[in-house]
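> sequence first, then the predicted structure, then my questions.
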Amino acid sequence: MPEELRRVVVVGAGVAGLTAADTLRRRGWDGTISVIGAEAHRPYDRPPLSKQVLSGGWGLDRILLRSSPALAADDAHWYLGESAVRLDLDNRVVHTSRDRALPFDGLVVASGSRPRRLPFGHDFANTHLLRTWEDAVALREAFATATSVVVIGAGFLGCEVAAAACGAGLSTTLVDPLSTPMERHLGPVVGSELARVHHDRGVRLLLDRGVVAVEGEARAERVVLTDGTHVEADLVVAAVGGEPDVEWLVGSGVALHDGLVCDERLTAAPGVVAAGDVASWFNPTFGQRMRVEHRSSAQEQGVAAAATLLGRTEAYAALPYFWSEQHDVRINAYGHFARATDLEVVAGSVAERRFAAVLHAGDDGVVAGLTWNLPSGGLAVRQRILDACEVRRGVTAPAAAGW
Amino acid sequence: MDIAVDRERCVGSGQCVMRMPDVFTSDDAEGLVELIDPAGAGHEAADVDDVAFSCPAQAIMVAADA
């Protein structure tokens, strides 16, 4: 472990930042850890926000990532409700929103992402975003009084929100410019199945069209689509993706391009590593650069980034993974869907609504896969993808192991 | 050790089954975690801790022996 590493600053108190801090301690490092978290809460888990918090009434206590004693055991300084505003790389100092200057030998950039906003409509109190605990509670409360909702964006967040709204008894409309829900994530075949599931439950799907305006007087009352359709609703949710939170790094000298640009070890500059939504890194498993906004990646990268700070030289080779729950469907998805074209069912059947499948990138082999209400098929799917990645790399080094 | 799993949290990612197939398995019906050996016999506590730490759904709890 590098001798000069005595002070580590972690920017971000989500799963990536927390995991990085935990990992430093788990590996016996006893220097000073300072964690800066923009939200006032102790680290909590985000995937349940659009699932059990929205539909199941889970409280904050159920999504906290660590108990108080476990958190105390990390012996870190927590600066919560405070955000990083500037990185001074020359002097190795992070400046915060409370005018604090935190010097570091090692820096973990885990500042996460923020929800992308629509160019309009956010002046209305009943136009919602969903990223934080407060967002989820506000939306849950709105569900209790609203009778209709338009969800803009049918990615996995939008789909889960639509399912939750539908389950809460709201008349629900889901809008997206693509032809099927989660098409960008899972491809059109699975997207068509998802469309059917939502449709069967009574969600109105308005696909192949975008949104041009959110209109109303004091409150949002309707959403206007590119084909001229007006959808009336007393609640609007924008779920149109996230943007890495890197503004505080602008001008610091690190490379920013769709996130913080890192090498295969998650290093952005000497002594500066990144983890989570913010990290754009070279993933050796697929031989290409990627940025992944999944919970499991944030965790793995927290481990890997901390290990890199402590001198580990092994690359972070990953098989991205996420899951989604919508109505009575549980999807586990693995790999790199951006290049996926053809779907091959490997277990169960689509007609039975219980299957495992891999997705090919043309003639280039398997790049992704998923299970649909068949989680036990996940291991085989995962292995198929890793095997194909090995063939493409032309080597037999194990990938995505040990994190 | 005293290992416990929370099937309400489990998402069937299979991380634990992959890493410790003699301790964790998944049921056929839902594909969610089931414990084979709550004592984790033959495993170091640190390794079991690591599996719990890596669970993306925070569905595994490990208590050390009293």
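Sure thing, it's come through. If you're wondering where the values come from, they're calculated on a predicted model, not measured in any experiment. Residues are numbered from 1 along each chain as shown, chains lettered A, B, ... in the order given.
> can you give me the end-to-end span of stretch A:172-182?
17 Å (CA to CA, to the nearest Å).
> next: stretch A:108-119.
For stretch A:108-119, the first-to-last residue distance is 32 Å (CA to CA).
> what do you get for stretch A:110-128?
Chord length of stretch A:110-128, first to last residue, is 25 Å (CA to CA).
> now do stretch A:276-286
This stretch, stretch A:276-286, spans 18 Å end to end (CA to CA).
> show me what from chain A comes close to chain B.
Taking CB under 8 Å from any CB of the partner chain as the contact definition, chain A meets chain B at A:22, A:26, A:45, A:47, A:65, A:295-296, A:299-300, A:303, A:321, A:323, A:325, A:330, A:332, A:371, A:374-379, A:382, A:403. To be clear about C-beta, it is placed using only N, CA and C from the backbone, and glycine gets the same treatment.
> burial measure for the residue of chain A found nearest chain B, as a count.
Distances between chain A and chain B by CB to the nearest CB are smallest at residue A:375, namely 2.7 Å. When neighbours are counted by other CB atoms under 10 Å in any protein chain shown, residue A:375 registers 25.
> what sits against it?
Residue A:375 sits next to A:330, A:332, B:11-14, B:26, B:30-32 when contact means CB atoms under 8 Å, 6 or more residues apart in numbering or on different chains.
> let's have these in TSV, adding neighbour count, distance to residue A:38 and pLDDT.
Output for these, formatted as TSV (neighbours: other CB atoms under 10 Å in any protein chain shown; distance: CB to CB, whole Å; pLDDT from 0 to 100):
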residue	neighbour count	distance to residue A:38	pLDDT
A:330	19	31	93
A:332	26	30	95
B:11	26	27	90
B:12	25	32	89
B:13	26	28	89
B:14	24	33	88
B:26	20	37	88
B:30	16	37	79
B:31	23	36	83
B:32	20	34	89
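> count the residues that sit near the residue nearest to residue A:32 when sequence neighbours are not counted.
Distances taken as CB to CB, 6 or more residues apart in numbering or on different chains put residue A:7 closest to residue A:32, at 4.7 Å, once the chain neighbours are dropped. A total of 16 residues lie near residue A:7 under the criterion other CB under 10 Å.
> next, residue A:7: phi, psi?
phi -130, psi 120 (degrees, to the nearest 10).
> longest helix in the chain, by number of residues?
No chain was given, so I picked chain A. Longest helix in chain A by number of residues (criterion: DSSP state H): helix A:183-200.
> wrong one, I was asking about chain B
Using DSSP H, we find that the single longest helix of chain B is helix B:45-54.
> the next helix-or-strand element following that helix close to chain A?
Downstream of helix B:45-54, the next assigned helix or strand under DSSP states H and E is strand B:60-63. No - figure legend: strand B:60-63 not in contact with chain A (CB under 8 Å from any CB); closest approach 10.2 Å.
> what are the pairing partners of strand B:60-63, and which direction each?
Next to strand B:60-63 in the sheet, as set by DSSP bridges, lie strand B:2-5 (antiparallel).
> work out the gap between the partner strand and the centre of the chain.
Taking CA atoms, centre = their mean, to the nearest Å, the mean C-alpha location of strand B:2-5 is offset from the chain mean by 7 Å.
> what's the answer for stretch A:153-164, then?
Computed by CA atoms, centre = their mean, the chain-centroid distance of stretch A:153-164 equals 14 Å.
> now do stretch A:137-155
Worked out by CA atoms, centre = their mean, stretch A:137-155 lies 20 Å from the chain centre.
> kindly export it (C-alpha atoms) in PDB.
The C-alpha coordinates for stretch A:137-155 follow below in PDB (Å, rounded to 0.1, in the frame of the first residue of the first chain):
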ATOM      1  CA  VAL A 137     -41.900  10.100  -0.400                       C
ATOM      2  CA  ALA A 138     -43.300  13.100  -2.300                       C
ATOM      3  CA  LEU A 139     -44.300  10.800  -5.100                       C
ATOM      4  CA  ARG A 140     -45.900   8.200  -2.800                       C
ATOM      5  CA  GLU A 141     -47.900  11.000  -1.200                       C
ATOM      6  CA  ALA A 142     -49.000  12.300  -4.500                       C
ATOM      7  CA  PHE A 143     -50.100   8.800  -5.500                       C
ATOM      8  CA  ALA A 144     -52.500   8.800  -2.500                       C
ATOM      9  CA  THR A 145     -54.500  11.800  -3.800                       C
ATOM     10  CA  ALA A 146     -54.000  11.800  -7.600                       C
ATOM     11  CA  THR A 147     -56.300   9.900  -9.900                       C
ATOM     12  CA  SER A 148     -54.100  10.000 -13.100                       C
ATOM     13  CA  VAL A 149     -50.500  10.200 -13.900                       C
ATOM     14  CA  VAL A 150     -48.300  10.600 -17.000                       C
ATOM     15  CA  VAL A 151     -44.900   9.000 -16.800                       C
ATOM     16  CA  ILE A 152     -42.500  10.500 -19.300                       C
ATOM     17  CA  GLY A 153     -39.800   8.000 -20.200                       C
ATOM     18  CA  ALA A 154     -40.100   4.200 -20.300                       C
ATOM     19  CA  GLY A 155     -36.700   3.300 -19.100                       C
END
